[in-house]
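Student: How does the following fold in three dimensions:
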Amino acid sequence: MNLVITISRRFGTGASLIAQELSEKLEVPVYDKAYIEHELDGDSYATEAEVIKELAEHPCIILGRCASEILKDQPNVFNVYVCADKEDRIERIMKKESLPHDEAKEMLEKNDAERADYYYENTGKVWGDVNNYHMILDTTKLGIENCADILIRYFERVEII
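Tutor: Numbering: from 1, shown residues only. This next block holds a predicted model:
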């Protein structure tokens, strides 16, 4: 298996939990913003795109960082977008960050705006456009706990894994 999964997500959807569960089931690493930025430290010539392309030479899961666009021409890449209802996301942020509703809502809106700006600045495309992904998972409707299994079943059915 040489599967590379990119996961783009709205803030507060639980996508990092899905990525972690997939990582355990598929026995592949998950790379996120912190890891990619760490890889850039000390390498003044590398760009995030170069780091992502190098990571994608082996099976892995990459969270965010425009990886779906950076790796769009690679046939072994499967792009997932994770979304959820706004109130569900706010509730999740309230619990995780121990914040009142208004502060969690403000954090969500700020984070979503930053992600949308980052994606547009680096790709010229609209973040969350369904045409940029192979599958969209709504954790409000499907439940975070079911999403990794949905992906695993799909990969098994199409004989990717």
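
Student: give me the low-pLDDT residue ranges for the chain?
Tutor: Low-confidence segments of the chain (pLDDT under 70): 1.

Student: which residues in this structure form strands?
Tutor: 4-9, 30-31, 60-63, 77-83, 135-138 (DSSP state E).

Student: who touches Leu63 in this structure?
Tutor: Thr6, Ile7, Arg9, Ala15, Ser16, Ala19, Val30, Tyr31, Asp32, Lys33 (C-beta atoms under 8 Å, 6 or more residues apart in numbering). In this view, the C-beta of every residue, glycine as well, is placed from N, C-alpha and C.

Student: can we see that at 6 Å?
Tutor: Ile7, Ala19, Asp32 (C-beta atoms under 6 Å, 6 or more residues apart in numbering).

Student: what's the burial count for Tyr45?
Tutor: 6 (other C-beta atoms under 10 Å).

Student: Distance-wise, check it relative to Pro29.
Tutor: 24 Å (C-beta to C-beta, to the nearest Å).

Student: Check the strands of the chain for me and report the most buried one.
Tutor: Mean neighbour counts were taken over these using mean count of other C-beta atoms under 10 Å, and the top value, a mean of 26, falls to strand 4-9.

Student: Which other helices and strands does that one contact?
Tutor: Counting contacts by 3 or more C-beta pairs under 6 Å, 6 or more residues apart in numbering; DSSP states H and E, strand 4-9 packs against helix 15-26, strand 60-63, helix 67-70, strand 77-83.
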